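J.: sharing a model prediction with you, sequence too.
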Amino acid sequence: MKSALFKTSFFVFICVCGFSWGYFSPNKKINKLEMSSQDPSSTNSFDVLPCPTEQEYAELAARVSLKIPDGPAVCDSSYRAKIGKALLYMTRLKMNPPATWLSDVQPDFADLLSFVAKNSRHMDLDLDQAGSIAYNNTVEQKIYIGAYFFGMDPLSAISTLIHEARHSVKTASGHVQCEGGDIPRSQGGCDQAFEITAKDAGAYSYEVLWMSGLGLYGLNIPEADREFLKSSALTTLATRFNEIPAELAKKADVLMALNKQGDLLIVDPVTKKFSPVKIKFPFAEEKISRIEFSFRTSGVMIFTNQGHLYSWTFRSGLQFYNDGVIPASMPIHDASRIMLPGSNNRTTFTVQTDNNTYMMASLPQGRTKMEMVKILSDEDMKKAPQFRRYFLAQYGDSIFLTEAGELYMLTHEIVADPMFKKAEGLQDPQGWQQGTGGVIYEDLILLNKSGALKIAESHYQEIDDNTSITTYTMKEKDFRIPGRGVKYFQGLKYEAQMNDRGDMYLRKYGTTEQLEVKGNEIVDFTIIHNPVLGRSVVPR
Ligand SMILES: [Zn+2]
């Protein structure tokens, strides 16, 4: 049970934030592409932050035990200058919350540099750690900053420093494997529970607390940066914890549909009401061609006729997916977070572009800006069939479907020939048209081209200490709908299926009663997770 402190002190955050993003009204202006870091009033960019003087820099670095990176003392976008800018910015980020707001945590946030200083005995760069933002060797309280840190915006970078510093606190909860969220099935990517005390709160909890505190009570923070902080806090809250207190985040399933005209609709399956979402694309003649669930924002992932990828949520409206990393000139046909070969229990966001090519964002050696790179060599892809769809499924298996509906799995090994293997026992005589790994990627559910819904069962067999085999069988899933099913998807409490006439059927897990939503020329649907809504759009 949570203490009274929890209910009273945190309530303020939920009320204020909950209002700004959770309040649902179809008439509300939701296109917020302009609300990005390019907002003229935002100071959240390394380009606009001032550098400390050399004397100031030396003092700041001494306080947090930073070994100042080598390089000329110029105020540019080098590693040396960026850390200096971040430290100086930290001394200026102040908040003035009510005394009742997390009174034991407040002192840490009142003076960020002191907080980091008391939890860092040594701070240095470690650019060899590919893919790492930062880490803390907690035994010695040594914080190492990785190359990815320099590709972030200043507020996120500072939030990362707070996160790493928090790891030095021995009573703070450590990380566990994520069940779902934006980096599903990633080892050490999540906190088990959201905590709010100076004693227990894990590193992700501390990030959420700091971002929400600064967003709400920060002094001299531009409005755009407040929005950014609150939105980041809520995204982290919704995605980086395996258990979230019900009082904090009452996540609800929201059924979203796409009609023949290309309109995005919020569907109330009880009243059968369809509420259109106003979306204004930045390009002329742009139309939605397909929608999926966005694991990154818990909202809608939007594919368009111009090959662009967007995300839409109640709180942020429409935004480019991976803004600034995926160039608008790169056509995107599909996107998924999958487990790459040799990635050792971590998942990576990838996109499918032209010519059966799969890309991911990566930070080239010595650079401070992310670029898109191929996930596999051309040699490896030459041996692969042409794929139509792909997604993450049970226990980190990355599933790829061909046009004919054959199922391939991407290997987990670093070196394999071929990299994609046609999985025995997971094929269907009709061919598969669509599938999902479920909300926490513990299942593999596939719909064949005749509309039969099937679930994979795996049998793991140990041969000896070094060898094991997993065999798969497909079993019919008990969820039949009228007509031919063309898409199946799972929400938090509901599962849904659509037939080729565009009729949707919703069912609460464990029940057989189905809600039917017909008409409106629906061509696609998905289920998003909305942390809080002003009114329920799903049945109780
Ligand atoms: Zn951590």
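T.: Happy to help now that I have it.

J.: how many other residues sit next to the spatially closest residue to residue 346 that is not a sequence neighbour?
T.: Nearest non-adjacent residue to residue 346, counting by C-beta to C-beta, 6 or more residues apart in numbering: residue 186, 4.7 Å away. C-beta coordinates here come from the backbone N, C-alpha and C atoms, glycine included. By other C-beta atoms under 10 Å, 22 other residues sit near residue 186.

J.: and residue 186, what's its pLDDT?
T.: For residue 186, the model assigns a pLDDT of 83.

J.: host element of it?
T.: For residue 186, there is no enclosing helix or strand under DSSP states H and E.

J.: wouldn't it be in contact with residue 345 here?
T.: Yes. Between residue 186 and residue 345 a contact is recorded at 6.7 Å, counting by C-beta atoms under 8 Å.

J.: what touches both of those two?
T.: Counting by C-beta atoms under 8 Å, 6 or more residues apart in numbering, the common neighbours of residue 186 and residue 345 are residue 177.

J.: the spatially closest residue to residue 187 that is not a sequence neighbour: what's it in contact with?
T.: Once flanking residues are discounted, residue 187 sits nearest to residue 345: 3.9 Å by C-beta to C-beta, 6+ apart. Counting by C-beta under 8 Å, 6+ apart, residue 345 touches 177, 185-187, 339, 396.

J.: sec struct for residue 234, please.
T.: Look at residue 234: counting by DSSP: H, G, I helix; E, B strand; the rest coil, its state is helix.

J.: now swap in the one 3 residues further on and tell me
T.: At residue 237, secondary structure determined by three-state DSSP is helix.

J.: state the helix or strand in which the spatially closest residue to it that is not a sequence neighbour lies.
T.: Nearest non-adjacent residue to residue 237, counting by C-beta to C-beta, 6+ apart: residue 208, 5.2 Å away. Element membership for residue 208, per DSSP H and E: helix 203-217.

J.: hmm, back to that, now for the residue nearest to residue 237, how many residues are close by?
T.: A total of 27 residues lie near residue 208 under the criterion other C-beta under 10 Å.

J.: cool, and residue 403?
T.: Neighbour count for residue 403, taken as other C-beta under 10 Å: 12.

J.: for residue 449, see how far away it is.
T.: Using C-beta to C-beta, to the nearest Å, residue 403 is found at 11 Å from residue 449.

J.: where along the stretch 351-500 of the chain do the strands fall?
T.: 357-362, 371-374, 387-392, 398-402, 407-410, 420-422, 432-436, 445-448, 453-462, 468-476, 485-490, 494-499 (DSSP state E, counting those that start in this stretch).

J.: so what's residue 524 up against?
T.: Contact partners of residue 524, counting by C-beta under 8 Å, 6+ apart, are 257-258, 290-291, 487, 498.

J.: what about the helix holding residue 208, average pLDDT?
T.: For helix 203-217, the mean pLDDT works out to 92.

J.: stretch 345-355 now?
T.: For stretch 345-355, the mean pLDDT works out to 91.

J.: and residue 523, that's in a strand?
T.: Yes. Assigned with three-state DSSP, residue 523 falls within a strand.

J.: return the residues in contact with it.
T.: 258-260, 502.

J.: in PyMOL, how would I select the buried members of these?
T.: Selecting only the buried entries of the contacts of residue 523 in PyMOL, with 16 or more other C-beta atoms under 10 Å as the criterion:
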select buried, resi 258+259+502
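
J.: helices along this protein, start to end?
T.: Ranges of helices in the chain, per DSSP state H, are 4-17, 54-63, 79-92, 106-110, 112-118, 154-166, 203-217, 223-239, 378-382.

J.: between these, which one is closest to residue 125.
T.: Each of the helices of the chain has some distance to residue 125 by C-beta to C-beta; the shortest is helix 79-92, at 6.3 Å.

J.: relative to helix 154-166, how tilted is that closest one?
T.: Angle, helix 79-92 to helix 154-166, by axes from the mean of the first three to the mean of the last three C-alpha atoms, to 10 degrees: 80 degrees.
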